[in-house]
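**Q** Okay, here's the prediction I keep looking at, along with the sequence it came from:
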Amino acid sequence: MDESPDLPLDLAFAALADPTRRAILRQLSAGEASVTDIAGRLPISQPAVSRHLRLLEEAGLIETAPRGQLRPRRLRAGGLSAARTFLDEMARYWPDRLDALAAFLDETKDQP
């Protein structure tokens, strides 16, 4: 089965849709952390944190930095590049559309 060309984008947005995963990304923006460190700051079990980390890694947003027995996680450089490209493209589109909507509303505001 062929993978969709939008798969990295789909995975990134799916990962970002969850508030727990966004909290993990915020935590990792301060530097790498172990699963235990990450779990200690969240109101969920360590196995649940591990599942969230696996999804973030599959989405390409984080990576494991193995050092001996330790396997800390860190943000992956460029992990959000597909999402950023998509949002940049949409950001160029929306101002024109919003201006057109504003003009339409101005033209029709006095109509019944």
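**A** Thanks, I have it. Just so we're clear, the structure is a prediction, and the values are computed from it rather than from any experiment.

**Q** can you map out the helices along the protein?
**A** Using DSSP state H, the helices of the chain run over 7-16, 19-28, 35-40, 46-58, 81-108.

**Q** so Ala39 makes contact with Val49?
**A** Yes. The pair Ala39 / Val49 is scored as a contact, 4.3 Å apart, by Cβ atoms under 8 Å. C-betas here are computed from N, CA, C, even on glycine.

**Q** lowest-pLDDT helix or strand in the chain?
**A** helix 81-108 (a mean of 84; mean pLDDT, DSSP states H and E).

**Q** For it, buried residues please.
**A** 82-83 (16 or more other Cβ atoms under 10 Å).

**Q** If you count contacts, what does that helix end up packed against?
**A** helix 7-16 (3 or more Cβ pairs under 8 Å, 6 or more residues apart in numbering; DSSP states H and E).

**Q** ok and the helix it packs on relative to helix 81-108, angle-wise?
**A** 80 degrees (axes from the mean of the first three to the mean of the last three Cα atoms, to 10 degrees).

**Q** middle-most residue in this protein, spatially?
**A** The residue lying closest to the centre of the chain (Cα atoms, centre = their mean) is Leu16, at 3.3 Å.

**Q** That residue and Leu105: what is the separation?
**A** Between Leu16 and Leu105 the computed distance is 32 Å (Cβ to Cβ, to the nearest Å).
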